[in-house]
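In: What follows is a predicted structure for the sequence shown.
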Amino acid sequence: MTSRHADEVLTIYQAGIDEGDATFETAAPPWAAFDAGKLPDHRFVALDDAHALVLGWIAAGPVSSRPAYAGVVEHSVYVRPDARGRGVAGALLGALIASTEAAGIWTIQAGIFPENTASLAVHSRAGFHVVGRRERLGRHHGVWRDVLLIERRSPTLD
């Protein structure tokens, strides 16, 4: 994922935001802010066969600047509405897992609304599991929302 993908990445992100079950955010940020929060080696786009259209994206950022958490990242994955059900999210998760394993990252985590059953299912297939439920974590359009904390631990931990 590079700045040449910015418009499509942010459009896909906004589509997920607009659907209401993907994030507490209400608007996609400017590219500079989005880009600054993502680790350069752990961000990918899925392109259509002609390599002209971004079908989805995945990106990870650090959960903390503290050294003890150097091997823990939080990720987001979004797929264009018209590209869902075609294995795009699973392929993106596979790319992220490969990059984090190669980098020695031991935990990938995310927060997912319980209503986002499609995301929970694709993450489960990729080896993620629910660690816990954070009840009434925040308000989203005036409604308190729970968030499931999911994670995938590297099987290569010492």
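Out: On my side now, so go ahead.
In: hey, let's count contacts and neighbours off CA atoms from now on
Out: Will do.
In: Okay, Ala118 and Asp82: tell me how far apart.
Out: Summarising the geometry, the distance separating Ala118 from Asp82, computed by Cα to Cα, to the nearest Å, is 14 Å.
In: residues of the helix or strand containing Val131 that come out buried?
Out: Counting by DSSP states H and E, the element that carries Val131 is strand 129-140. Buried residues in strand 129-140, defined by neighbour count with 16 or more other Cα atoms under 10 Å: 129-130, 133.
In: Those residues into JSON lines, with extra columns for pLDDT and distance to Ala60?
Out: Rendered in JSON lines, the data for the buried residues of strand 129-140 read as follows (pLDDT from 0 to 100; distance: Cα to Cα, whole Å):
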{"residue": "His129", "pLDDT": "97", "distance to Ala60": "18"}
{"residue": "Val130", "pLDDT": "98", "distance to Ala60": "18"}
{"residue": "Arg133", "pLDDT": "97", "distance to Ala60": "21"}
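In: Any regions of this protein where pLDDT drops low?
Out: By pLDDT under 70, the weakly predicted segments of the chain are 158.
In: mind checking the longest helix of it?
Out: Across the chain, the longest stretch assigned as helix under DSSP state H is helix 88-103.
In: between the next helix or strand after that helix and helix 88-103, how many degrees?
Out: Using DSSP H and E, the helix or strand that directly follows helix 88-103 along the chain is strand 107-112. Calculated by axes from the mean of the first three to the mean of the last three Cα atoms, to 10 degrees, strand 107-112 forms an angle of 150 degrees with helix 88-103.
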